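A.B. asks: Here is a sequence with its predicted model. Questions after.
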Amino acid sequence: MPVKLLTLDEAVALLRMESKEIKALVTSGELPCIWQGARMMFEYDELDTWYSNRLVRHLPIRHAEHAQPAPQEMRLVDYCRLETMEPALAGKTKPAILRSLTQLAERTGMLYNPDEFLENIRRREELSSTAMAEGIALVHPMDRDEFLCEGPFLAVGRSTVPVFFGEADGVPTNLFFLICSTDPEEHLQMLAKLCQAIADGKLLEALRAAETPEEMLAAFQGL
């Protein structure tokens, strides 16, 4: 797949950050870029991964004061389906969980190729784990390929036993969110909104107490 390059202005629009902040991150070596003469260019995948990792780890992101906020009409519940809520997700290892999450995604009927989808989320986890200290993981594909799926969705699975999923401090994971959108901006907005809901604590409490897919889906009402 050809590398997708973004200009500085396009990176500013995608991340909703000041250009001077992005330049400072490049200068410090935190954010990689490709120099074309005096012009900064950015690989989309690297920007996406950097931003996702900051959100997953609750690290601060300085959004531009004039940046457009995430659309208020975006609701997580609109991306959820009853068939993608699973309170007894099978798997005792990370590879097994990823396979089960792919099977959960298949229930939407929107995956073009389940094997390629599994490989996509596996490559994302190889880059860096999406597991968080709260015992959760925000799994998502490495690429925003247009042939990944027919439409965006959010799936949730709770494993029957805690699984070591790669959290830095060794905290096991038992609650898995699978986020999928082929639109870069929508993907980041979904991820940010989910992180905001997780920080509140009520969503995690409701999902861990849920005994049925219906109860898991109900936990997203109002979000």
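C.D. replies: Nice, I can see it. Predicted, not measured: the structure shown is a model, and the values here were computed from it.

A.B. asks: drop to CA atoms for contacts and neighbour counts, all remaining ones
C.D. replies: Fine.

A.B. asks: contacting residues around the helix or strand of the chain with the lowest mean pLDDT?
C.D. replies: Of all helical and strand segments in the chain, the minimum by mean pLDDT, DSSP states H and E falls on helix 44-56, at a mean of 75. For helix 44-56, contacts defined as Cα atoms under 8 Å, 6 or more residues apart in numbering pick out 3-6, 11, 15, 31-32, 60-61, 128, 130-132, 138, 142-143, 184, 188, 191-192, 195.

A.B. asks: Mind doing that once more with 6 Å?
C.D. replies: The contact list for helix 44-56, computed with Cα atoms under 6 Å, 6 or more residues apart in numbering, reads 4-5.

A.B. asks: so how far is the helix or strand following that helix off the chain centroid?
C.D. replies: Note on helix 44-56: by DSSP states H and E, the next helix or strand toward the C-terminus is strand 80-89. Relative to its parent chain, strand 80-89 has a centroid offset of 17 Å by Cα atoms, centre = their mean, to the nearest Å.

A.B. asks: go on, stretch 100-115?
C.D. replies: With Cα atoms, centre = their mean, you get 16 Å for stretch 100-115.

A.B. asks: Would you mark the buried spots in it?
C.D. replies: 100-106, 108, 111, 114 (16 or more other Cα atoms under 10 Å).

A.B. asks: before we move on, what about stretch 146-166?
C.D. replies: So stretch 146-166, judged by 16+ other Cα under 10 Å, has buried residues 148-149, 151-159, 161-166.

A.B. asks: Which ones among the residues you listed map onto strands?
C.D. replies: Of those, the ones assigned to strands by DSSP state E are 153-159, 161-163.

A.B. asks: Among these, find me the one that's closest to M216.
C.D. replies: V156 (8.1 Å; Cα to Cα).

A.B. asks: which ones are touching I34?
C.D. replies: I34 makes contact with 40-42, according to Cα under 6 Å, 6+ apart.

A.B. asks: Now, of those residues, which are buried?
C.D. replies: So, by 16+ other Cα under 10 Å, the buried ones in the contacts of I34 are 40-42.

A.B. asks: Among those residues, which lie within strands?
C.D. replies: Those of the buried ones among the contacts of I34 lying in strands (DSSP E): 40-42.

A.B. asks: ok, back up a step: could the buried residues of stretch 100-115 go into JSON lines alongside secondary structure and distance to V26?
C.D. replies: Output for the buried residues of stretch 100-115, formatted as JSON lines (DSSP: H, G, I helix; E, B strand; the rest coil; distance: Cα to Cα, whole Å):
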{"residue": "S100", "secondary structure": "helix", "distance to V26": "38"}
{"residue": "L101", "secondary structure": "helix", "distance to V26": "35"}
{"residue": "T102", "secondary structure": "helix", "distance to V26": "35"}
{"residue": "Q103", "secondary structure": "helix", "distance to V26": "39"}
{"residue": "L104", "secondary structure": "helix", "distance to V26": "38"}
{"residue": "A105", "secondary structure": "helix", "distance to V26": "36"}
{"residue": "E106", "secondary structure": "helix", "distance to V26": "39"}
{"residue": "T108", "secondary structure": "coil", "distance to V26": "39"}
{"residue": "L111", "secondary structure": "strand", "distance to V26": "36"}
{"residue": "P114", "secondary structure": "helix", "distance to V26": "36"}
